[in-house]
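>>> Pasted the sequence and its predicted model underneath.
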Amino acid sequence: MSIQTESIKPSINNDPTYRYVSVGFLVIASIAIFLVMWFIRDEVPLKAPRTITLYSFTAMETVMEQALIPAFQDYWMDTQQDRVEFINTFAGAGVITRQIMTQFPAEVAILSSELDARRLVSEGIINAASWQELQSRQKFCRTPIVLFVRDDLPIEINSFDGIDFEGLNVVIPDPLISGEGQMTSLALFGSRLRQGDSEEAALKFVSAALGNVKNRPSNSQDALEQFHAGIGDVLFNYEAARSFHPGASKLKVIYPISTIMVEPIAVAIHQNVLPGQERLITGFLEFLWDDTAQKILSDYGFQTINTSTEPEFVPAPDHDIFTLNDLGNAIDLNRNVIDPLLKQ
């Protein structure tokens, strides 16, 4: 019997040359893929960012754009892995309130007071449930109306009564379009009311004072800039504005014996919020009460509800600091005080 021999070929897998070539090929392929990805990295589409359309009164512009919005963007990326961009509009509170009432697409409104929020409620733009929540919740920040005067002013002022509205160049933002102007009007009105004046006498005092004010900028920021430029002797403004006075400016802050504490309002305009946006909008509003946001607000001169930072304004025992609620409800104040002043 013959045995047929079969040629036996060595396995290619055991061939050292094959192994070297394979490894080399993998290395070259990996480098090639890396280089391709590197050169097209700017062309790879990123996930589109989410957006929030924000309307706010001007006194919040600096803290919003410089600190609060960037902080929220970082927070949302860290917690939700989502990029967020803001479409911002800053103007006098009266302006943004009217814009929202005429169907401008704000998703979040930050208003100077409940007066503006109440107007939106009356138009059905803020629903009843949101309004009740606003009224039952602590405000996210506060700041009183104070006076800024020049160091060389030859008279001492410690109250609104001590201001010579006829003889001095007083700067007050226009109450027709500025929330700060309206709150200044209520500071004057409330200070007289709480000294025992009747509503009629208090309103007459405010009317006479405003009638002698020739310089009425459109908003608190414009008023501050004009005052720094040398226009005016006395400026009514939010106490938080002292954070934006240059250190070398020859100005001093006077805390009137009786003044109003302004409490801004932050609210969602639900009719403009699409179904997929609710969580983002709610997240931003809730962030305003977060410790991070509260610390930022405090750093920018606002009084806050949950930080240990001492406010600039610590009323003396003889100071009378009142709020909007101390003067009555927003409906009556709009009808009996603000509207008559605006018509005048």
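Received the coordinates, thanks. Numbers count the residues shown, from 1 in each chain.

>>> confidence score at the spatially closest residue to Gln277 that is not a sequence neighbour?
Computed as C-beta to C-beta, 6 or more residues apart in numbering, the closest residue to Gln277 that is not its neighbour in sequence is Glu107, at 6.6 Å. (C-beta placed from N, C-alpha, C; glycine too.) Glu107 is assigned a predicted lDDT (pLDDT) of 97.

>>> pretty sure Ala268 is touching Ile110, no?
No: counting by C-beta atoms under 8 Å, Ala268 does not reach Ile110; the two are 10.9 Å apart.

>>> quick one, strands of the stretch 101-250 of the chain?
Along the stretch 101-250 of the chain, counting by DSSP state E, counting those that start in this stretch, strands occupy 108-111, 143-150, 170-171, 234-238.

>>> Show me what the last one pairs with in its sheet, parallel or antiparallel.
In the sheet containing strand 234-238, the strands it pairs with under DSSP bridges are strand 143-150 (antiparallel), strand 170-171 (parallel).

>>> Out of the ones you listed, which gets nearest to Val84?
Among the strands paired with strand 234-238, the nearest to Val84 by C-beta to C-beta is strand 143-150 (26.6 Å).

>>> Mind listing residues that contact that closest one?
With contact meaning C-beta atoms under 8 Å, 6 or more residues apart in numbering, strand 143-150 is reached by 59, 157, 163, 180, 183-184, 187, 227, 233-242, 245, 250-256, 259-262, 301-303, 313, 321.

>>> Could you tell me how many residues sit around the residue nearest to Gln277?
Residues within reach of Glu107, counting by other C-beta atoms under 10 Å, total 22.

>>> Report the separation between the closest residue to Leu153 other than its chain neighbours and Asp78.
Distances taken as C-beta to C-beta, 6+ apart put Asp233 closest to Leu153, at 5.9 Å, once the chain neighbours are dropped. Applying C-beta to C-beta, to the nearest Å, the value for Asp233 to Asp78 is 48 Å.

>>> Comparing those two, which residue is more hemmed in?
Using other C-beta under 10 Å, the more surrounded residue of Asp233 and Asp78 is Asp233, with 21 against 8.

>>> hmm, back to that, settle it for me: which of Ala268 and Ile110 has more neighbours?
Ile110 (25 against 20).

>>> shouldn't that one be in contact with Glu61?
No: look at Ile110 against Glu61 with C-beta under 8 Å: they stay out of range, at 10.0 Å.

>>> Same question for stretch 326-339: list its buried residues.
Neighbour counts using 16 or more other C-beta atoms under 10 Å place 327, 330, 333-334, 337-338 of stretch 326-339 among the buried residues.

>>> Switch these over to TSV; also include pLDDT, secondary structure and distance to Val273.
Listed next are these as TSV, based on pLDDT from 0 to 100; DSSP: H, G, I helix; E, B strand; the rest coil; distance: C-beta to C-beta, whole Å:
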residue	pLDDT	secondary structure	distance to Val273
Leu327	95	helix	32
Ala330	88	helix	23
Leu333	92	helix	29
Asn334	91	helix	26
Val337	92	helix	32
Ile338	92	helix	28
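
>>> for Ile281, phi and psi?
Reported as degrees, to the nearest 10, the phi and psi values for Ile281 are phi -60, psi -50.

>>> Who are the contact partners of it?
Listed by C-beta under 8 Å, 6+ apart, the contact partners of Ile281 are 52, 107-108, 268, 273.

>>> got it, and Asn215?
169-172, 226, 231-232.

>>> So which of the strands paired with strand 234-238 is nearest Thr292?
Evaluated with C-beta to C-beta, the strands paired with strand 234-238 place strand 143-150 nearest to Thr292, the distance being 19.4 Å.

>>> which intervals of the stretch 151-300 of the chain have sub-threshold pLDDT?
By pLDDT under 70, the weakly predicted segments of the stretch 151-300 of the chain are 244-250.

>>> isn't Phe189 right next to Leu327, touching?
Yes: counting by C-beta under 8 Å, Leu327 is a contact partner of Phe189 at 7.3 Å.

>>> where does the spatially most central residue of the chain fall, helix, sheet strand or coil?
Against the mean C-alpha coordinate of the chain, by C-alpha atoms, centre = their mean, the closest residue is Met60 at 3.9 Å. Assigned with DSSP: H, G, I helix; E, B strand; the rest coil, Met60 falls in the helix class.

>>> If we ignore the residues flanking it in sequence, what's nearest it?
Excluding the flanking residues, the one nearest Met60 by C-beta to C-beta, 6+ apart is Ile110, at 5.6 Å.

>>> Contact partners for the one you found?
Each residue near Ile110 by C-beta under 8 Å, 6+ apart is listed here: 54-57, 60, 64, 264-266.

>>> The same query, at a cut-off of 7 Å, please.
Going by C-beta atoms under 7 Å, 6 or more residues apart in numbering, Ile110 touches 56-57, 60, 264, 266.

>>> Alright, calling it a day.
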